[in-house]
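Engineer: I'd like to go over a predicted model; first the sequence, then the structure.
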Amino acid sequence: MKLRILERLTVLFSWAAGFILLAAVFLLLGYLLVKGYSSISLSLIFGEASPLRALLLEERVFDGLFPAIAGTLVLVILSIVWAIPIGMATGIYLAEYAGPRVKKMLDVFFDVLSGIPSIVVGLFGFSFAVFLHKNFSDKIGPCLLISSIALSFLVLPYIIRTTQASLEGIPRDIRLTAIALGATQLQNIFLVLIPKSLSGIMSGIILAIGRCAEDTAVIMLTGAVATVGLPKSFFSQYEALPFYIYYISSQYSTPDELMQGYGAAIILLLLCAILFSIAYGIRRGLTHFAFYRA
Amino acid sequence: MSYSMSDTIKIQVANLQFSYQGRTVLRDVTVSFAENSITALTGPSGIGKSTFLMSLNRLWENIPDAHMKGTVEIKLQGQFRDVYARSMAVTELRKMVAMVFQVPNPLPMSIGKNVAFPLKLAGENNRDVIACKVERSLKMANLWDEVKDRLNDDARTLSGGQQQRLCIARALVLEPEVLLLDEPTSSLDQASTAAIEELLTGLKDHLTILVVSHYLEQVVRISDRVVRFADDTIIP
Amino acid sequence: MKKLGELFAERVFLLSALASSSVTIAILVFMVFMGFPMMREGGFYQLLLKPWEPYQGSFGIYPMILGTGAISLLSLVFAFPLSLGCSFLITTIAPKPVRRGFLRVIELMTGIPTVIYGFVGIFLLVPIIRELFQRGSGMCVLTASLVLGIMITPTMTLFFCDSFDRIPRTYLDAADALGASHTQKLLYVILPSARKGMLSGVILALGRAVGDTLVSLMLAGNSVRVPESVLEPARTLTAHIALVIAADYESPEFRSIFACGVVLYLFTMAVTFLVRYVGFAEDRNY
């Protein structure tokens, strides 16, 4: 009888847990949407400036999210540009060239790297900027370049892991097909293995993009500021969407600014939701494509 | 083909049809099985004998994309019951219609706990009752003498043949009325096979036994009747 | 005989791997280097045990260590039962159509940015806590732990589900054939076998909770006194770094954030090695 009670309680407990979690999510999203719904409009992004002229960089946007969105965009692109080549090359090395002992050792390094808190990575980026400032040039300080490099360190483990896992997941027969026909290891990698693992690698990249877009801790230490307009150069400070949201939450002075914060939160949420769905879709779609294509 | 004396029928299958992922595996199978007998099910590999067994304890319901038509009636606790009726709880069915698999599958627990597991599922927690039933089952499976001093050892330390007898003991502990065995000796050596065949022969006084088997000699050795599967149905 | 191009490519790959792995070390090195003067003067251990009182020249990070400990452990207290229950639902208890839908929701939740949790927390939860308990501003350990708990639940749930999926099929078949109900199968077969995997999941979640910055920064109040109850504000190591970064970088206050960084880094290493150890222990059993 005691066991029966335990089993019944387990069921009850599980449904309660599920309910609580769902309630929390819906509360969170609902609150955001209800409060911020009215702020969604072109003027949220472009302020008083005309959208077309702002996009063509002819007019400066003062009151809108455009600089922050643009800053986030540029930041993400730069970070990915640094992270993809090194990440993929490392993943290829781990999957195709490394011996078991080397692999184990490097595994530890990347496990640690993936666990390092983002603020610590940001701190590293900051110290690096200070170091450059003191030893190389007065003009270098926390900026877009430093932020993007630091962010790339943050997402490096994602790309390395997914590249490595996708390559290692290729079945033996496919692995050996080209080799048996006389291809070199390099040719095999680029002509057969990488194309076959593209879906896995892509979803890893998209996940990395999402991570870069949403991160606040790294950028707040390495160059993101509240109001500086569009980034002028790699060495300038910049605005970013997640930082703006954080800044507004503690520094808003008018209800309008708060509404902008809600709007920004909704836009960021939408952005991450889209990226995540794309990553998921790619993983499902390309697998289907790879299996059923002639 | 049914027997003239209907009160010795234990299992009655009518017009059974089974399809999996669009492919028909069994078509229009009608057959009865007598009480307290050992029936061997034979036929080429992959023809659906295992599937047929699973239709008797509804284990195929865990497989996605599988469909079944037809009726299965089993005489349980004195009454013929439709195995697929709403009133038949599948967990209760499986306690009365037990199954042993081709590859022994002891659970990751001690020998004693493995055999006692069905008792736990049924809500039995009186230690003496449990100990008594475990001993009884292990004796029926001809395994008691070999394990009585090490009931607390992990079940996976037993040899293949012993593990299979353990699974049989475990299947018997709730005193089922039907025992289904899917090629129970195909992963075992000669000696273990003989041990299990002997034990099955001894059990038929208590149970109705269905054995799927590939080996003609085995079939001849132990069974009272042979049902052959060919194409997707039964040869009467 | 490998062609020159092949050798070159291999070297390039190797170099990338070395570069990536050296980043890990570089981060630690930089932090020790920058914080070194402070540590040399006061001694590292002193730093860890002293309270933060700038006017008395004491720059210990002890209150922050406590703050991090309190918030992350409390968030685990909230997250563990939630994750357990949700993983039960997804694996066995809920009916099949519900399972997939719920799984998708949980997967999507892992994509919600932390800053948004913080943002909604400030405007939704803080006033509620303030009203409910009538103490302080509503920004305290409790608030931060609640939100952090919800935030790490999806990841922990997915991890648990993964551990459950790794149970060998034979055990599940055996349980089914013996007439076990879904709940019985879960409690008596799946759970006992998945214990080690679940432990890894909890350790990793703890790592994430300790490493979080935004939620604690925005919701825990950031006071430098040691919190005496969950309703008092606290500061975590991570939030401390974010707050003090604006200070003059020759000052001792500034150096203290590197001490925080080192502590966090060492904690990360501990988590990594612990998870590996538990993982190996698990492999030995199968």
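Structural biologist: That came through, no problem. Residues are numbered from 1 along each chain as shown, chains lettered A, B, ... in the order given.

Engineer: check which residues of the helix or strand containing B:C132 are buried.
Structural biologist: According to DSSP states H and E, B:C132 maps onto helix B:127-140. Of all the residues in helix B:127-140, those buried under the rule 16 or more other C-beta atoms under 10 Å in any protein chain shown are B:130, B:133-138, B:140. C-beta here means a position set from N, CA and C on the backbone, and glycine is covered the same way.

Engineer: distance to C:S256 and pLDDT added to those residues, as JSON lines?
Structural biologist: Output for those, formatted as JSON lines (distance: C-beta to C-beta, whole Å; pLDDT from 0 to 100):
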{"residue": "B:I130", "distance to C:S256": "62", "pLDDT": "93"}
{"residue": "B:K133", "distance to C:S256": "67", "pLDDT": "93"}
{"residue": "B:V134", "distance to C:S256": "64", "pLDDT": "94"}
{"residue": "B:E135", "distance to C:S256": "68", "pLDDT": "93"}
{"residue": "B:R136", "distance to C:S256": "71", "pLDDT": "92"}
{"residue": "B:S137", "distance to C:S256": "68", "pLDDT": "92"}
{"residue": "B:L138", "distance to C:S256": "67", "pLDDT": "92"}
{"residue": "B:M140", "distance to C:S256": "73", "pLDDT": "88"}
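
Engineer: chain C next: which of those are close?
Structural biologist: Near chain C, judged by C-beta under 8 Å from any C-beta of the partner chain, there are no entries from the buried residues of helix B:127-140.

Engineer: so how far is C:F164 from B:H206?
Structural biologist: From B:H206 across to C:F164, the span is 37 Å (C-beta to C-beta, to the nearest Å).

Engineer: then B:D189?
Structural biologist: Counting by C-beta to C-beta, the gap from B:D189 to C:F164 is 35 Å.

Engineer: A:K134 now?
Structural biologist: To C:F164, A:K134 is 53 Å away according to C-beta to C-beta.

Engineer: these two: who's more crowded?
Structural biologist: C:F164 (20 against 11; other C-beta atoms under 10 Å in any protein chain shown).

Engineer: enumerate every residue touching the more buried one.
Structural biologist: Each residue near C:F164 by C-beta atoms under 8 Å, 6 or more residues apart in numbering or on different chains is listed here: C:87, C:91, C:190, C:194.

Engineer: closest one of those to A:C272?
Structural biologist: When those are compared for distance to A:C272 (C-beta to C-beta), C:S87 wins out at 23.6 Å.

Engineer: what about the helix or strand where that closest one lies, near chain A?
Structural biologist: Assessed by DSSP H and E, C:S87 sits inside helix C:62-88. Yes: for helix C:62-88, a contact with chain A is found by C-beta under 8 Å from any C-beta, at C:81-86, C:88.

Engineer: and A:T72, what does it touch?
Structural biologist: A:213, A:240-242.

Engineer: re the thing from before, out of the buried residues of helix B:127-140, flag the one nearest to chain A.
Structural biologist: Using C-beta to the nearest C-beta, B:I130 comes nearest to chain A of the buried residues of helix B:127-140, at 12.5 Å.

Engineer: that closest one contacts B:F117, correct?
Structural biologist: No: B:I130 is not in contact with B:F117 according to C-beta atoms under 8 Å; the separation is 10.3 Å.

Engineer: can you classify whichever residue of the stretch 151-286 of chain C sits closest to chain B by secondary structure?
Structural biologist: The nearest approach of the stretch 151-286 of chain C to chain B comes at C:G179, 3.5 Å away (C-beta to the nearest C-beta). Judged by DSSP: H, G, I helix; E, B strand; the rest coil, the three-state class of C:G179 is coil.

Engineer: that one touches B:M99, doesn't it?
Structural biologist: No: with contact defined as C-beta under 8 Å, C:G179 does not count as touching B:M99 (9.9 Å).

Engineer: report the central residue of chain C.
Structural biologist: For chain C, the residue nearest the mean C-alpha position is C:R208 (1.6 Å; C-alpha atoms, centre = their mean).

Engineer: what's the helix or strand for it?
Structural biologist: Secondary structure assigned from DSSP H and E places C:R208 in helix C:195-211.

Engineer: show me the helices in the chain, by range?
Structural biologist: No chain was given, so I picked chain A. Secondary structure of chain A (DSSP state H): helices located at A:2-36, A:42-46, A:51-55, A:66-92, A:100-115, A:118-135, A:144-168, A:172-180, A:185-188, A:194-196, A:198-214, A:217-221, A:241-251, A:255-292.

Engineer: look at chain C instead
Structural biologist: Using DSSP H, helices in chain C cover C:4-42, C:44-49, C:62-88, C:96-109, C:114-120, C:126-133, C:141-165, C:169-177, C:182-185, C:191-193, C:195-211, C:214-219, C:237-244, C:252-285.

Engineer: hmm, stretch C:103-114 in reach of chain B?
Structural biologist: No: judged by C-beta under 8 Å from any C-beta, stretch C:103-114 stays clear of chain B, getting no closer than 15.9 Å.

Engineer: how about the CA coordinates for that stretch, as CSV?
Structural biologist: Extracted C-alpha coordinates of stretch C:103-114, given in CSV (Å, rounded to 0.1, in the frame of the first residue of the first chain):
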residue,chain,number,x,y,z
LEU,C,103,9.4,19.0,-24.8
ARG,C,104,9.3,21.7,-27.5
VAL,C,105,8.3,24.3,-24.9
ILE,C,106,11.2,23.3,-22.7
GLU,C,107,13.6,23.4,-25.6
LEU,C,108,12.4,26.9,-26.5
MET,C,109,12.8,28.1,-23.0
THR,C,110,16.5,27.4,-23.1
GLY,C,111,16.7,30.1,-25.7
ILE,C,112,15.3,32.9,-23.6
PRO,C,113,18.0,35.4,-22.9
THR,C,114,19.0,35.9,-19.2
